[in-house]
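Engineer: I'd like to go over a predicted model; first the sequence, then the structure.
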Amino acid sequence: MAHPAFERSRANRALVRVALGSPGVAVRDLYELYPDFVIDVRAEQAALNDHAAIVLQYPIYWYATPALMKEWLDLVWLHGFAYGRGGEALKGKRLLVACTTGGGPEAYAPKAMHGFPIEVFLKPMEQTAVLCGMKWEKPFILHGAGVKSPEALAQASERFRKRLCALTEKCGR
């Protein structure tokens, strides 16, 4: 999870709470772990090796991941580890992007504010999954994160819980 202003995020905090309460899920808050952007590559690669599914949770910032998540991907998902010759550590794992947007779904349409469906902006992540031999999962997208009512946020959180449950195959209730 990467959110540079996590303390102000209702939506991402709600999703993290769900993840923390889900069996078989480990949460790594990149901005908490690496506020100076000095990433422990070996520790992060070891964490990736320990799981069959990887969830990248973040708010969409200028049509991409926040800076620290991009840095993390650049440094951790290396040639020889994640892809390329000898790079099979992520092969066969499932990749789910769980992202939040400020705009509603209507803002991500042709001739709308952003001009394209949100899935277009997630294509680099999808291609990353392909390059690494991962299974790309349909993204979990929470639009209009900042203006969601508590009820709508609770419903979205429950949808996220179900997605995590399906990924880990450790469902409860």
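Structural biologist: Okay, I see it.
Engineer: Strands of the chain, start to end?
Structural biologist: Secondary structure of the chain (DSSP state E): strands at 53-59, 94-100, 135-136, 140-142.
Engineer: Serialize the ones you listed to a markdown table and add fields for mean neighbour count and mean pLDDT.
Structural biologist: Quick note: C-beta positions are derived from backbone N, CA and C, even for glycine. Below are these laid out as a markdown table (neighbours: other C-beta atoms under 10 Å; pLDDT from 0 to 100):
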| stretch | mean neighbour count | mean pLDDT |
| --- | --- | --- |
| strand 53-59 | 21 | 97 |
| strand 94-100 | 22 | 97 |
| strand 135-136 | 15 | 98 |
| strand 140-142 | 20 | 97 |
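Engineer: Nearest to P124, out of those?
Structural biologist: Taking C-beta to C-beta, strand 94-100 is the member of the strands of the chain nearest to P124, at 10.2 Å.
Engineer: Report all helices and strands that that closest one contacts.
Structural biologist: Contacts defined by 3 or more C-beta pairs under 8 Å, 6 or more residues apart in numbering; DSSP states H and E place strand 94-100 against helix 10-20, strand 53-59, helix 123-131, strand 135-136, strand 140-142, helix 150-168.
Engineer: before we move on, the earlier item: would you list the strands of the chain in a markdown table and tack on distance to A14?
Structural biologist: Putting those into a markdown table (distance: least, C-beta to C-beta, whole Å) gives the following:
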| stretch | distance to A14 |
| --- | --- |
| strand 53-59 | 11 |
| strand 94-100 | 10 |
| strand 135-136 | 24 |
| strand 140-142 | 9 |
